[in-house]
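**Q** Requesting a structural model of the entry that follows:
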Amino acid sequence: MQFDKEKASGNIKEILDKMQNNTDTSMLQEYYKLYKKEVSFFKRSMAAAWLFMYYDGKEIPSVQVPAADGKSKKNKPLTHDNKLDTSDNSGEKNPPVALPEDESKRLFISIGKNRRLFPREIITLLLSKTSIEREDIGIIRILDNYSFVQVRDTKADEIIEALTGHKFRGRTLTVNFAKAKGETEQD
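**A** Alright, predicted model coming up:
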């Protein structure tokens, strides 16, 4: 990751502004108490700097989703634990659901566990770079060097076009249809 001082400075200003204007102060106070309890006095500044470095390295601090009119986009913030909020009205998280085989395709994505990739980050990437909905994403399987994502077949081409060549976590992505086990290229 290359250090961009100007971007980092802008992020600090954004964090301070959000802290002062858009934060539940009672929740922040609880985090502050826990932070003081868990992090020794001598490590607090370095831990805060590490947290900022982690935040600054994120490519997608919020998710852009199509607005109701289908034209403009609006930002959908991530939850406080940096996970996309996939809860329904009951407050329970929606677990990944396999899409029907006849309505889905499996895509290969050239990034995996070795880049500390998690399913929520793939979901966030897909939602931010395409017009798909969460319901268009099925089972996600992350291996060491690459991943497989089940998506609705009507959305597969859009995803491939949007993500192929996109830079993510220092790597240029290759995205295409996954081959079945044992399948080889035919000339």
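
**Q** From now on I want contacts and neighbour counts done on CA atoms only, so please keep to that.
**A** Noted.

**Q** Under the pLDDT cut-off, which ranges of the chain? List them.
**A** 1-2, 58-96, 182-187 (pLDDT under 70).

**Q** Closest to the centroid, which residue in it?
**A** Nearest to the mean C-alpha position of the chain, by C-alpha atoms, centre = their mean, lies residue 121 at 2.8 Å.

**Q** which secondary structure elements does the strand or helix carrying that one contact?
**A** Element membership of residue 121, judged by DSSP states H and E, is helix 119-129. Helix 119-129 sits against strand 62-66, strand 137-142, helix 156-163, with contacts defined as 3 or more C-alpha pairs under 8 Å, 6 or more residues apart in numbering; DSSP states H and E.

**Q** separation between the residue nearest to the centre of the chain and residue 147?
**A** Counting by C-alpha to C-alpha, to the nearest Å, the gap from residue 121 to residue 147 is 12 Å.

**Q** list the residues that contact both of the two?
**A** Jointly contacting residue 121 and residue 147 under the rule C-alpha atoms under 8 Å, 6 or more residues apart in numbering is no residue at all.

**Q** Helices of this structure, residue ranges please.
**A** 5-21, 25-38, 44-57, 119-129, 156-163 (DSSP state H).

**Q** what would those helices look like in CSV with distance to residue 179?
**A** Converted to CSV, those look like this (distance: least, C-alpha to C-alpha, whole Å):
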stretch, distance to residue 179
helix 5-21, 40
helix 25-38, 46
helix 44-57, 32
helix 119-129, 20
helix 156-163, 14
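
**Q** so which of these gets nearest residue 106?
**A** helix 156-163 (8.3 Å; C-alpha to C-alpha).

**Q** now for the closest one, which elements pack on it?
**A** helix 119-129, strand 175-177.

**Q** how many degrees apart are that helix and helix 119-129 in direction?
**A** Angle, helix 156-163 to helix 119-129, by axes from the mean of the first three to the mean of the last three C-alpha atoms, to 10 degrees: 90 degrees.

**Q** Domains of this structure: list them as residue ranges, please.
**A** Listed domain ranges for the chain are 5-57, 73-177 (source: automatic domain parsing).

**Q** Please work out which of these is packed deepest.
**A** domain 73-177 (a mean of 16; mean count of other C-alpha atoms under 10 Å).
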